[in-house]
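Asks: I would like to see how this sequence folds:
(2 chains)
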Amino acid sequence: MNKNPIKLGKLVRRTIFYLFIVTLAVSIILPVFFLVSLSFLSTRESYSFPLPLLPSLKTEYSLTHSDRGYLLSVYDKFDKEYQTVLDTAELEKMSVYMKNQIGTPYSIPKIEERIAELENGGKDTIFFSVRKNLLLNYTTFFQITRDAVPALLRSLQIAGLTILISLSIGSMAGYAFARYVFAGRDVLKFSVLFVRMFPGVAIALHMAIILANMGFYDKPIGLALVYSVGSIALTVWITASVFMGIPESLEEAAQVFGATKWQTFLRVTFPLALPGLAAAAMYTFLGAWTETVSAILLTQFNPTFSVVVYQSLLGAVGNVNLTAAGGLVLAIPSLIFTFFIRKYIQQMWGGMTI
Amino acid sequence: MTASTPAKRFRDLGSKAVPYLLIAPVVIYYFFFWFRPVLVTLIKSFQTAAGAFTLQNYHMVLTDPDFLVALRNTAIIVLFSVTLEFLGALFLALLINRKFTGSTFFLFVAMIPMALPGVAVAAMWLTGLTAHGWINSLLYYLGILAEGAKIYWLAGSEWKLLGLIILIDAWQVIPSMMIILLAGLQNIPEETIEAGYVFGGNFITVLRKITMPLLGPTIQTAVILRLISAIQIWLIIVLLVGFSRMPVLVERIVYYYKEVPNLDISLQMASGYAIVVSFIVSMVALLYLKVSGAFGGKKEAAQ
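Replies: Down below sits the predicted model:
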């Protein structure tokens, strides 16, 4: 039938190749997908087994009379039937249950309306559906987790300070490594790399004493000073390669036209280096935002956001939906920044040279 | 251009002192916030509380019943996860090594696991591995688990847990290591590979004699940097099974410093473990600097 078997063979091979790529991408994404999905589940959903693959967007309720008051039932998509969840005459209890367990906030007056419908409509049972508040887990996480909001702000502050310290100190050295040949260049360059690879956890223990002496223990600036040790080294290497990518002839041309060295740097080199410097800053942000072990060792009453999520996971009994929401809030900035600097990360992972 | 242009003269004048002035802040910073804490930690590890010389601190750590277990667990994780990750990543990189529609998107997806904070990764697998978690749910939907059946992932022997930790680490690391190797592969000129085939080589010989040697520096960089982070794995273990159930070296530091901080020996134990970790990592880092050519070689590749 087929006139061109070579083409068919190519098509089959391409299809297999894409199937392989898709399988790979799915196995990478799958755990992330479930974390996202879990973070939108209601408490009731998160306690069911099997867990729903996708969060529901609304809930179907039925309301009927009982001896003690009213029977509230919820339609279960998996079992395909209404299941009684509450038997009470207290409307407030009903409202709280609908919000906390099912994730569908419903005010008492609205419940009263439904009850009036049941009493006056002459029906045995009435049915109604309520839209789910998908962000409820997120707001609840920040409400019930002590310190979550201040910790989030603190983490941002620490990341900002770390960027400030390491960019100002590191980019100068990066410029020197890129533009000058001098005695001891190699020793200095590789010492910086060695510091970068040295375990941060090892210096954290004594840093606690040093920071306490400086009055910085358990303060954002203290952690920023610790994080800067690693990120200065990273910034030196990144900025060195950024400045090396800017042709020296451009600087020389500017100086031939009468610009001073300082003007040349401000008007020519710096604007060209700006995207690379921004990448270094984002890389530093990622490091500071995700770091956990030094933050655990060096904070006491003022934890970072990653420590708050760590603590909520460490004692986690149930409430996986809240845990997932907290974990995702931590993950989102990382994902955004990674997306912005994906090209730089690829370059960096591919090996960089000074 | 001759040496008499103003630009050149300016450079000559400045080039003596300027680079040192530019680097001085880093050196000063590292003296105060890296060298000093490292040195003091090291000196204190040889001192009693009163300041006299002693080897007691090391004796205490080395005879800690958990020390050998922690060392063994760390060694197993490092050995198996790095091997598995390297072979898996190399296999995938060789299979994928071509430009294809959607490759940009695929590469970004492959970057995600490494970009996620450790705590978020732990949240992901903790919610998956509990008996009511998403892994069992998924297996149920796929028809692999019968109704009512559950797999208790986190129960059972420590070997099973070690296996799980290695697999989770592989999930996180293989995609990014694959990107590193892909970048390395794409730097090899196509003609070089083709020449190997023209001269009668098959896939295996070309891989062994051409691709792997050319990929060598990339592999060294990727594997050694990975070794350094694998030695320091602890967070995922603690968040999955808690402290002390499966001790590893860094977990012991956090345990003594933060979980039982009020014992007489807490600080010594934490410092002792910290020195052991630093020593091992430093050895690997020196190895890395050696293969990067820091001690007089030519190659200079680094993260």
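Asks: where's residue 173, which helix or strand?
Replies: You didn't say which chain, so I picked chain A. Secondary structure from DSSP states H and E places residue A:173 in helix A:148-179.
Asks: wait, I meant chain B there
Replies: Following DSSP H and E, one finds residue B:173 within helix B:158-186.
Asks: still on that earlier bit, following the helix holding residue A:173, which helix or strand comes up?
Replies: Following helix A:148-179 in sequence, per DSSP H and E, is helix A:185-197.
Asks: List the buried residues for that next one?
Replies: Using 16 or more other Cβ atoms under 10 Å in any protein chain shown as the test for burial, helix A:185-197 gives A:188-197. Yep, even glycine has a C-beta here, placed from its N, CA and C like the rest.
Asks: That helix to helix A:148-179, inter-axis angle?
Replies: Helix A:185-197 and helix A:148-179 are oriented at 160 degrees to each other (axes from the mean of the first three to the mean of the last three Cα atoms, to 10 degrees).
Asks: Taking helix A:185-197 as reference, get the angle to the helix or strand just after helix A:185-197.
Replies: Per DSSP H and E, the first helix or strand lying C-terminal to helix A:185-197 is helix A:200-214. For helix A:200-214 against helix A:185-197, the angle between stretch directions is 90 degrees (the same axes, to 10 degrees).
Asks: Distance from helix A:200-214 to the middle of the chain?
Replies: 27 Å (Cα atoms, centre = their mean, to the nearest Å).
Asks: Check which helices and strands that helix sits against.
Replies: helix A:220-244, helix A:293-298, helix B:36-45, helix B:249-254, helix B:266-291 (3 or more Cβ pairs under 8 Å, 6 or more residues apart in numbering or on different chains; DSSP states H and E).
Asks: mind checking how far the helix holding residue B:173 is from the chain centre?
Replies: Relative to the centre of its chain, helix B:158-186 is centred 10 Å away, using Cα atoms, centre = their mean.
Asks: try stretch A:82-99
Replies: The chain centre lies 35 Å from the centre of stretch A:82-99; the measure is Cα atoms, centre = their mean.
Asks: May I see the buried residues of that stretch?
Replies: By 16+ other Cβ under 10 Å, the buried positions in stretch A:82-99 come out as A:82, A:85-86, A:91, A:94-95, A:97-99.
Asks: and those residues as a markdown table, adding distance to residue B:53 and pLDDT?
Replies: Below are these laid out as a markdown table (distance: Cβ to Cβ, whole Å; pLDDT from 0 to 100):
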| residue | distance to residue B:53 | pLDDT |
| --- | --- | --- |
| A:82 | 77 | 91 |
| A:85 | 69 | 90 |
| A:86 | 71 | 89 |
| A:91 | 75 | 89 |
| A:94 | 72 | 91 |
| A:95 | 70 | 91 |
| A:97 | 67 | 91 |
| A:98 | 69 | 92 |
| A:99 | 65 | 90 |
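Asks: And these, which is closest to chain B?
Replies: residue A:85 (18.4 Å; Cβ to the nearest Cβ).
Asks: so what's the nearest residue in space to that closest one that is not next to it in sequence bridging to?
Replies: Nearest residue to residue A:85, sequence neighbours excluded (Cβ to Cβ, 6 or more residues apart in numbering or on different chains): residue A:74, at 5.2 Å. Beta bridges link residue A:74 to residue A:61, residue A:83, judged by DSSP bridges.
Asks: If anything else comes up later, I'll come back, but that's it for now.
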